[in-house]
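1. Coordinates for the following, if possible.
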Amino acid sequence: MSDTSAPGSSLPAPGPASAPVRTKPALPDFQQRYELLVASISDYAIYMLDSEGYVSSWNAGAERFKGYKAGEIMGAHFSRFYTDEDRAAGLPERALSAARDDGRFEGEGWRVRNDGTRFWASVVIDPIRNAEGVLVGFAKITRDITDRRDAQEALRQSEQHFRLLVQGVTDYAIYMLSPQGEITNWNVGAQRIKGYTQEEVLGTHFSRFFTDEDRAAGVPQRALETAAREGRFESEGWRMRRDGTRFFAHAVLDAIHDEEGTLIGFAKITRDVTEQRATAESLEQTRNALFQAQKMEAIGQLTGGVAHDFNNLLAVLSSGVDILHAQSPGSITLRVLDSMRRAIDRGALLTQQLLSFARQQPLSAELHQANALIGSFEQVLRRASGPQVSFVFDLAPRLACIVVDEARFEATLLNLVVNARDAMPGGGTLALETRNVRLGEHEVGTLPPGEYVRVTVRDSGTGMTPEVVQRAFEPFFTTKPVGKGTGLGLSQVYGFITQSGGDVQIRTELGKGTAISLYLPAHENTNQSDADLQEHAERVLIVEDDQLVMAVACDLFETMGYKVQSAPDGVTALRLLEQHGPDGGVDVLFTDLMMPNGVTGLELARVVRERWPHVKIIIASGYPQQALQGEPADLSEFDFVGKPYRLADLARHLRAPG
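-> Numbering: from 1, shown residues only. Got it, this is the predicted structure:
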């Protein structure tokens with residue numbers, strides 16, 4: 001602001017150097033007292049003007065502010081303190097006129113010191129009248145408030161910069177609310193994230209951004225109450241855009257108080273964290289899948305080791321029963337032996353199931369068209385589903401090929417169908433569907449990205465709880481009553497599919513059903529050649545490091561009329577073969593897979609195949625995967641018999657071409 005005065009004043013036109021100077025008249029008594037009173041004040045310039053605006057008194061504060069000594073300024077016109085622009089505009093005259101007519105003038109503006117520098121002044125001019133009311137002069141008080149103005153200007157610029165900053169932010173919705181929650185301003189980020197223009201939301205309640213469920217639950221009001229009470233409220237949740245879509249938001253609500261502590265509103269900052277939430281969930285799913293895989297691997301190692309030792313014991317029992325059976329014609333003895341055989345067979349089946357879960361069961365994997373496998377097995381699956389179940393087959397055309405063991409694949413489908421049937425005790429719908437799918441990174445367990453065949457068995461049954469899903473693949477875990485299931489069904493499925501290079505995914509909802517999907521790597525169809533055929537002979541070399549198993553195996557081969565040689569390890573076996581010259585002295589090599597002294601049964605078999613190609617090779621093991629660690633191939637290179645083996649198993653392998 002600048003001083004103002006009434007137009008038409010007849011004051012002389014002053015100048016900084018050429019302004020006329022009047023001789024100071026004798027001062028009335030009250031002016032003398034006034035000068036004595038204010039002479040020592042240095043924070044204010046307090047001085048008198050005559051009725052026409054000439055300086056008639058001067059104090060220490062005026063000298064400090066304006067830089068003039070009393071002798072330099074007395075009798076000069078006060079307009080010399082104004083800037084050239086203000087004098088040209090007539091501001092000094094208007095200031096005196098306003099004080100004379102209105103009884104007082106107040107204003108702020110630039111003033112000029114004796115050295116030419118400027119300062120921002122707060123000015124008060126009061127008219128002085130004598131007892132008769134005649135104007136005799138003016139009392140003028142001036143204060144240098146440059147520092148205060150600079151601080152105010154800095155604050156104003158800071159506020160302006162802050163407003164520009166807030167308006168320029170696009171990643172955050174930043175806006176203000178009244179104490180009742182109405183929106184009072186709106187930035188560009190709020191418009192981008194929420195979809196509303198400023199005109200659409202100003203004056204409306206911020207609860208419009210919440211979901212219907214949150215509004216019904218009173219979430220917006222609780223947010224205001226918490227922020228008002230505690231000073232801050234921070235939360236995450238779903239929010240609504242103008243177009244009705246949802247986004248996941250991280251929101252902070254801060255209470256704003258004035259200098260007296262009165263709540264004047266709230267500052268609200270909202271960020272769209274939908275992508276970050278999805279990324280975090282994906283990372284958590286990957287972490288959980290890795291943990292589950294490691295847990296299943298550990299259980300598998302333990303299970304495989306137990307099954308291996310159990311197989312060796314069963315091998316001894318099985319071989320002994322066969323020998324006794326052949327030598328004991330008595331009917332009672334035979335019945336006892338048959339009972340023992342059935343018990344041994346059940347034990348052998350259990351170990352095979354355990355090894356299947358542990359992914360240590362040898363597979364006869366071949367290239368197959370999944371739809372063809374399912375089609376040839378359809379009638380078995382339909383019968384297994386039962387009469388109360390509506391069974392739908394939805395097989396995709398032009399389905400890619402998969403490499404699986406046909407018998408194990410069929411057993412897997414049968415297992416899933418039976419489980420689905422049991423989940424629908426009152427009947428329902430069961431669907432088996434196939435699809436070609438492309439998986440991305442971490443989309444299903446730890447499978448790498450690529451092309452897969454998905455085989456899904458879906459039911460409309462009871463569904464599973466999250467706790468059951470977490471343990472569904474663990475061996476011996478079952479929700480069925482005692483005696484109704486072993487708990488090895490899904491563990492076998494998991495072991496077979498993962499051993500075949502795939503993974504299993506369960507999607508379920510309580511009361512609505514379950515879908516179990518098998519993901520297997522997709523393959524192109526290729527031709528496979530058959531192995532050359534050979535006949536077996538009557539001399540056998542048995543290689544086994546377990547003396548008890550060795551003795552029983554020798555008995556079995558002798559029972560079949562073979563001439564038996566034995567060796568405790570691969571090194572000894574090779575030495576015996578070399579001693580017999582070019583033909584090795586044997587027609588059959590029967591070797592355990594896992595042996596000491598650095599030569600495994602697989603390595604021995606390869607050497608024998610290369611040096612004595614006429615020898616028929618049979619490999620036996622109850623725990624093949626451990627022995628195959630580090631080997632570049634699987635057991636499909638050779639004829640394989642699992643432990644515990646029976647006399648009939650050996651006879652079948654010996655008769656088979658190979």
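2. how close does the residue minimising distance to the centre of the chain sit to P449?
-> In the chain, the centroid-proximal residue (CA atoms, centre = their mean) is A280; its distance is 1.1 Å. Relative to P449, A280 is positioned 21 Å away (CB to CB, to the nearest Å). For glycine as for every other residue, the C-beta is placed from the backbone atoms N, C-alpha and C.
3. next one: T600
-> 35 Å.
4. So which of these two has more stuff around it?
-> T600 (24 against 11; other CB atoms under 10 Å).
5. Does that one touch G570 like I think?
-> Yes: taking CB atoms under 8 Å as the definition, T600 is a contact partner of G570 at 6.9 Å.
6. Now do the strands in the stretch 101-250 of the chain.
-> 105-112, 118-129, 135-144, 172-177, 232-240, 246-257 (DSSP state E, counting those that start in this stretch).
7. Mind listing the strands the third one pairs with, and their directions?
-> Meaning strand 135-144. strand 45-50 (antiparallel), strand 118-129 (antiparallel) (DSSP bridges).
8. closest one to V549 among the ones you listed?
-> For the strands paired with strand 135-144, the distance to V549 is smallest for strand 118-129, at 106.8 Å, taking CB to CB.
9. ok, and for the closest one, which residues are buried?
-> Buried residues in strand 118-129, counted by 16 or more other CB atoms under 10 Å: F119, W120, A121, S122, V123, V124, I125, P127, I128.
10. for those, which one is nearest D649?
-> W120 (108.6 Å).
11. what's near enough to touch A62?
-> By CB atoms under 8 Å, 6 or more residues apart in numbering, the contact list for A62 reads A45, I46, Y47, Y68, I73, T142.
12. all strands of the stretch 501-650 of the chain, in order?
-> 503-509, 513-521, 539-543, 563-567, 588-592, 616-621, 639-642.
13. The residue nearest to the centre of the chain: what secondary structure?
-> In three-state terms, and counting by DSSP: H, G, I helix; E, B strand; the rest coil, A280 is helix.
14. one step back: could the strands of the stretch 501-650 of the chain go into CSV alongside mean neighbour count, distance to A407 and mean pLDDT?
-> Below are the strands of the stretch 501-650 of the chain laid out as CSV (neighbours: other CB atoms under 10 Å; distance: least, CB to CB, whole Å; pLDDT from 0 to 100):
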stretch, mean neighbour count, distance to A407, mean pLDDT
strand 503-509, 17, 19, 90
strand 513-521, 21, 16, 94
strand 539-543, 24, 28, 92
strand 563-567, 18, 32, 90
strand 588-592, 26, 24, 93
strand 616-621, 24, 19, 90
strand 639-642, 19, 13, 85
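15. Out of those strands, which gets nearest to L399?
-> strand 513-521 (10.9 Å).
16. any idea of the angle the closest one forms with strand 503-509?
-> 160 degrees (axes from the mean of the first three to the mean of the last three CA atoms, to 10 degrees).
17. hmm, who's touching strand 513-521?
-> Contacts of strand 513-521 (CB under 8 Å, 6+ apart): 370, 402-404, 412, 416, 419-420, 423, 428, 437, 439, 444, 447, 450-464, 493, 497, 500-508.
18. Are any of the residues you listed buried, and if so which?
-> If you count burial by 16+ other CB under 10 Å, the buried members of the contacts of strand 513-521 come out as 370, 402, 404, 412, 416, 419-420, 423, 428, 437, 439, 444, 447, 452-464, 493, 497, 500-505, 508.
19. Of those, which belong to strands?
-> 402, 404, 428, 437, 439, 452-459, 503-505, 508 (DSSP state E).
20. What is the neighbour count of E281?
-> E281, neighbours per other CB under 10 Å, totals 10.
21. Would you report the backbone torsion angles of K643?
-> The phi and psi values for K643, taken as degrees, to the nearest 10, are phi -90, psi 140.
22. any idea of the pLDDT on it?
-> pLDDT, K643: 78.
23. Spatially, what comes nearest to it if we skip its sequence neighbours?
-> G622 (3.4 Å; CB to CB, 6 or more residues apart in numbering).
24. Tell me how many other residues crowd the one you found.
-> For G622, using other CB under 10 Å, the count is 27.
25. now the helices for the stretch 1-150 of the chain?
-> For the stretch 1-150 of the chain, the helices defined by DSSP state H, counting those that start in this stretch cover 29-38, 60-66, 70-73, 84-88, 91-102, 146-168.
26. residues in contact with the shortest one?
-> Which is helix 70-73. Outside helix 70-73, the residues that reach it (CB under 8 Å, 6+ apart) are V55, W58, A62, E63, K66, N114.
27. Could you list the buried residues of the helix or strand containing F393?
-> Per DSSP states H and E, F393 falls inside strand 389-395. For strand 389-395, the neighbour count (16+ other CB under 10 Å) marks V389, F391, L395 as buried.
28. what's the answer for stretch 365-383, then?
-> A365, H368, A370, N371, L373, I374, F377, L381.
29. Tell me the pLDDT of the last one.
-> Just to be clear, that refers to L381. 86.
30. what about it, distance to F391?
-> From L381 to F391 the distance is 7 Å (CB to CB).
31. joint contacts of the two?
-> With CB under 8 Å, 6+ apart as the test, L381 and F391 both reach L432.
32. doesn't L510 make contact with V469?
-> No: under the criterion of CB under 8 Å, V469 makes no contact with L510, lying 10.7 Å away.
33. Just list the residues touching G386, thanks.
-> Counting by CB under 8 Å, 6+ apart, G386 has contacts R421.
34. Could you measure from it over to D587?
-> Going from G386 to D587 by CB to CB gives 51 Å.
35. Same question for D272.
-> Per CB to CB, D272 is found 76 Å from D587.
36. got it, and L413?
-> From L413 over to D587 (counting by CB to CB), the distance is 40 Å.
37. can you check E182 too?
-> Distance from E182 to D587, by CB to CB: 97 Å.
38. In terms of neighbours, single out the busier of the two.
-> D587 (21 against 15).
39. Was I right to think that one contacts F557?
-> No: under the criterion of CB under 8 Å, D587 makes no contact with F557, lying 11.5 Å away.
40. any shared contact partners between those two?
-> Residues touching both D587 and F557 comprise V540, with contact defined as CB under 8 Å, 6+ apart.
41. Let me know whether A370 touches R398 as I believe.
-> No: counting by CB under 8 Å, A370 stays clear of R398, with 11.7 Å between them.
42. Show me where the stretch 401-550 of the chain dips below the pLDDT cut-off.
-> Across the stretch 401-550 of the chain, residues meeting the criterion (pLDDT under 70) sit at 475-489, 525-537.
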